[in-house]
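Next input, structure requested:
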Amino acid sequence: MNYKRIYEEIVSNRKENPIPIEDYGEVHHILPRSLGGSNDETNLVRLTAREHFICHLLLSEMYEFKTVEWYKMNHAFMMMKCSSTNQTRYINSRLYEAKKEHFSLTMSHRQAGKKNSQYNTIWVHHPTKQKSSKISLSDLEDYMDRGWLQGRVINWNRELPTKVKKHYFNNGHQITDSRRRNCLKIFGLDLYSSKDRKALYSLLIREYVEEDNSTVSMAKRYNTSDVVIRKLLIDIGIGTKDRGGNWT
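Okay, the predicted model is just below:
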C-alpha cells in the first residue's frame, strides 16, 4: 500500500475543499513539527477528526521501520488515542492488534537509556525528616553520609524500614538529631557527615587550642551557649580546659 500517496491525497483534497468554518475541524501539520515542520499556513490543513486520525495512522506507516522518523510518528499516533469534550478517538481491536507491537517498540525506545525519566536516579528517604526524595545516583554517597537511606517511603504512618543508620562521635557518644540540628544552625556543618565532623574538629582546634579563645568568647561569636561549645569540644575529641588553663 502506498501510504504516502493516500496521505497526500487526503491533504490535497482538504486543501481544495476546506471544511466549512461553522463545522468542527482539527488543524494538522502536513510535515509534522517533530520532523521539522513549521507553523506556516502553507504547512497547515484543517481536517475532520476522522481524517486527522487516519493521517497520523498513515504517517506511522510511511517511514522506514525503526528509523527516528518511524519512532516519532508512531508516538504521535499513540497520542491520537485519547478523548476530549469534542471527540472520542479509539482504536478497534483489529487495528490495535496490528499496531500493538509498534506501540511496544516505541515505548521501549522512548524509555531507553538517558531518555528514561528514571535514568541515573535513585530514591532515598530520611527517617527523621520523614521525607523521600529522588536524587542523582552520583549524589548517593553524600546523602548516605548525611543520614539518608536508600528507598522510598510513601506512607510514614506505617512502620519505617529497619536498621536506621546511626552516627557517633569518636568518643562513642551517639549523635542525636537535636545535636545535629544545633550544629547545623550554629556552624552550618552536618554532624551526620564525616567530612563535616572533620571540618568542625579543625575549626574548634584552631579557635580553642591554637588561638586559645575561651568557650565563653566562642559562644558569643557563634550566638550560642558556653555549655553547647564545651559539649562539642568534649564529644568531638578535643576536651576542655578549666579557668586556670588546665585540661580537664
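
could you show me where the strands are in the chain, in order?
Using DSSP state E, the strands of the chain run over 26-29, 44-47, 121-126, 131-136, 149-150.

any chance of those strands in CSV, plus mean neighbour count?
C-beta here means a position set from N, CA and C on the backbone, and glycine is covered the same way. As requested, the strands of the chain are arranged in CSV below (neighbours: other CB atoms under 10 Å):
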stretch, mean neighbour count
strand 26-29, 16
strand 44-47, 18
strand 121-126, 17
strand 131-136, 13
strand 149-150, 15
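
quick one: which of those is nearest L189?
Ranking those by their distance to L189 (criterion: CB to CB) puts strand 121-126 first, at 17.4 Å.

For that closest one, which strands pair with it and how are they oriented?
The pairing partners recorded for strand 121-126 under DSSP bridges are strand 131-136 (antiparallel), strand 149-150 (antiparallel).

Where does pLDDT dip in this structure?
Residue ranges of the chain with pLDDT under 70: 80-120, 141, 145, 158-165.

now do 80
Low-confidence segments of the chain, defined by pLDDT under 80: 75-76, 78-122, 127-128, 136-148, 150-151, 154-166, 170-172, 243-248.

and it, what are its domains?
Domain segmentation of the chain under automatic domain parsing yields 3-115, 120-163, 177-235.

Now render these as TSV, adding distance to N171.
Below are those laid out as TSV (distance: least, CB to CB, whole Å):
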stretch	distance to N171
domain 3-115	46
domain 120-163	19
domain 177-235	6
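
N223 - nearest residue in space that isn't next to it in sequence?
If you skip the residues right next to it in sequence, N223 has I186 as its closest partner in space, 7.3 Å away by CB to CB, 6 or more residues apart in numbering.

what's near enough to touch the one you found?
Under the criterion of CB atoms under 8 Å, 6 or more residues apart in numbering, the neighbours of I186 are 222-224, 228.

if we can go back for a sec, dump the strands of the chain to TSV, plus distance to L59.
Output for the strands of the chain, formatted as TSV (distance: least, CB to CB, whole Å):
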stretch	distance to L59
strand 26-29	10
strand 44-47	12
strand 121-126	33
strand 131-136	35
strand 149-150	44
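
Relative to G239, which of these is closest?
When these are ranked by distance to G239, counting by CB to CB, first place goes to strand 121-126 at 32.0 Å.

what's the closest one in contact with?
Judged by CB under 8 Å, 6+ apart, the contacts made with strand 121-126 from elsewhere in the structure are 131-137, 140, 143-144, 147-153, 161.

Extract the C-alpha trace of that strand and format it as CSV.
Provided in CSV are the C-alpha atoms of strand 121-126 (Å, rounded to 0.1, in the frame of the first residue of the first chain):
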residue,chain,number,x,y,z
THR,A,121,18.4,8.5,39.6
ILE,A,122,17.5,6.7,42.9
TRP,A,123,15.0,7.2,45.7
VAL,A,124,16.3,8.0,49.2
HIS,A,125,14.5,8.8,52.4
HIS,A,126,15.3,10.4,55.7
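
From the contacts of I186, pick the one nearest E22.
Minimum distance to E22 across the contacts of I186 is 73.1 Å, recorded for N223 (CB to CB).

Out of the strands paired with strand 121-126, flag the one nearest G244.
Ranking the strands paired with strand 121-126 by proximity to G244 (CB to CB) places strand 149-150 first, at 46.7 Å.

Give me the distance from that closest one to the chain's centre.
16 Å (CA atoms, centre = their mean, to the nearest Å).

Stretch 25-33 too?
32 Å.
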